[in-house]
Structures are given as C-alpha cells and as structure tokens.
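1. Take this sequence and fold it.
(chains A and B)
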Amino acid sequence: GAVVSQHPSWVICKSGTSVKIECRSLDFQATTMFWYRQFPKQSLMLMATSNEGSKATYEQGVEKDKFLINHASLTLSTLTVTSAHPEDSSFYICSARDLEQFFGPGTRLTVL
Amino acid sequence: GNSVTQMEGPVTLSEEAFLTINCTYTATGYPSLFWYVQYPGEGLQLLLKATKADDKGSNKGFEATYRKETTSFHLEKGSVQVSDSAVYFCALSLFGNEKLTFGTGTRLTIIP
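-> Down below sits the predicted model:
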C-alpha cells in the first residue's frame, strides 16, 4: 500500500518555541491531507483538513494561529505548533488521501 | 453529533483464541464503518470496511458486519495469532464526507 512518512518521529522543545512537523506521501500524490491529535487512551481527534494550494480547514475549537498548516505540494504538508506550551504535548498523526486515507506513524511532541 | 464507542481494553488472549472487539456508533447520517489497525511503530492501516447495512467486511481472517439495527460493527477473528498484537480502532465517516471519527482504540496482546 501507499506510504506516508512523518518527520520527526519525536521532538522535545522548550515552552515558547515553535516546532514544525512534516508529513509526506512517498509514492503517491495527495491533494488532501489530514492532521490528527491523539491524547493518551483517547481517540484520534481531527484537527484540520489540508488541501494543496489552499488554506487549511480547521475543526471547531482548533486554533488556526496556534497550529499553522501548509500544504505546499502534492506530497508535503507541514504542521507548525507555534509558541508551544506543555498542554500542546501530544501525539500528532497525519494522513494523506489517495483512494483511501493512509496514515503516517505519528510524531510525539513533548513541550517542557 | 457522530461518535464511536469501542471496548477499551487492553485485551490479552492466548494464541488461537476467539476474538471479539465491540464497537457501536452514533451518526447523524448514514455512515461507512471502518476498522483500522496500528502495529507497533507504524501508522494506522485500514483493516476492513463496510459501507451499507448488512455488509460484511473481511481481511486477514478478521470480519465485521454492519448492523444498523444495533448500530454496531464488532470485530471478530476465529483464531488469533501473536502477529495480531496491535491497537485496533473503529471509525466512521458519513457519505460524501471523508472525515473520520475514531473510537479510543483497543490494545490487543496475544500470548503464545
């Protein structure tokens, strides 16, 4: 099946700094990518839908100025957590849509 | 709104045991139903799906039947293997909408 990668797989940063997470579709082009957040023992929560060449669509309650999404090409979407705080610590997962959604392995963010 | 409720787990079974992971849903429309599996260190993978009532999805020995009357999509396997150890997510999407709503996931461990 299609492969989606994420980088980095884990990151630790200081409070107040910004962190960028990349999501790439390796062997297919994806006009639509999705970003999810997963808390321990909870389900994946959709944060936003990223469309190549246009602005992302954010779910209710997700701060668009806090979580900047850029879908610059058909194989790359980035999520930047700006001015990160400890409450932003979580597991972030992306998916890319071909005929179905293919998921990346996730990025664990820890904000100190 | 839409929601998915699944057995919390963790579930531990002996090899060759029968597996059932319960999943029920609430949806405002007519959903498609999915089971995803996440093996350690990997992204979520689609295991099986069903798009209408009474459909049975099947893959790798796993089965789930779309039961509209009980709003359920329970995952079953007749004889589990150690390699089935993973986290299993039940999910739904509404017709014409690619957004997925996930359950909390069930961690399954199979012991030899």
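2. quick one: low-confidence parts of chain A?
-> Applying pLDDT under 70 to chain A flags the ranges A:1.
3. Sorry, slip of the keys, the one I care about is chain B.
-> Counting by pLDDT under 70, chain B shows low-confidence ranges at B:96-97.
4. what does it put close to chain A?
-> Counting by Cβ under 8 Å from any Cβ of the partner chain, the residues of chain B close to chain A are B:4, B:8, B:36, B:38, B:41-46, B:89, B:98-105. Where you see a C-beta, it was placed from the backbone N, CA and C, and this is true even at glycine.
5. Quick one: buried ones out of those?
-> Neighbour counting by 16 or more other Cβ atoms under 10 Å in any protein chain shown classes B:4, B:36, B:38, B:43-46, B:89, B:100-105 among those as buried.
6. returning to what we had before: among the residues of chain B next to chain A, name the ones in strands.
-> B:4, B:36, B:38, B:45, B:46, B:89, B:101, B:102 (DSSP state E).
7. nearest residue to residue B:45 other than its sequence neighbours?
-> In space, and not counting its chain neighbours, residue B:45 is closest to residue B:37: 5.5 Å by Cβ to Cβ, 6 or more residues apart in numbering or on different chains.
8. Report how many residues lie close to the one you found.
-> 21 (other Cβ atoms under 10 Å in any protein chain shown).
9. And the residue nearest the centre of chain A?
-> A centroid search over chain A (Cα atoms, centre = their mean) returns residue A:35, at 4.0 Å, as the residue closest to the centre.
10. in which helix or strand would I find it?
-> Assigned by DSSP states H and E, residue A:35 falls within strand A:32-38.
11. quick one: contacts of that strand?
-> Applying Cβ atoms under 8 Å, 6 or more residues apart in numbering or on different chains, the set of residues contacting strand A:32-38 from outside is A:23, A:25, A:44-52, A:67, A:69, A:71, A:77, A:79, A:90-97, A:101, A:106, B:98-100.
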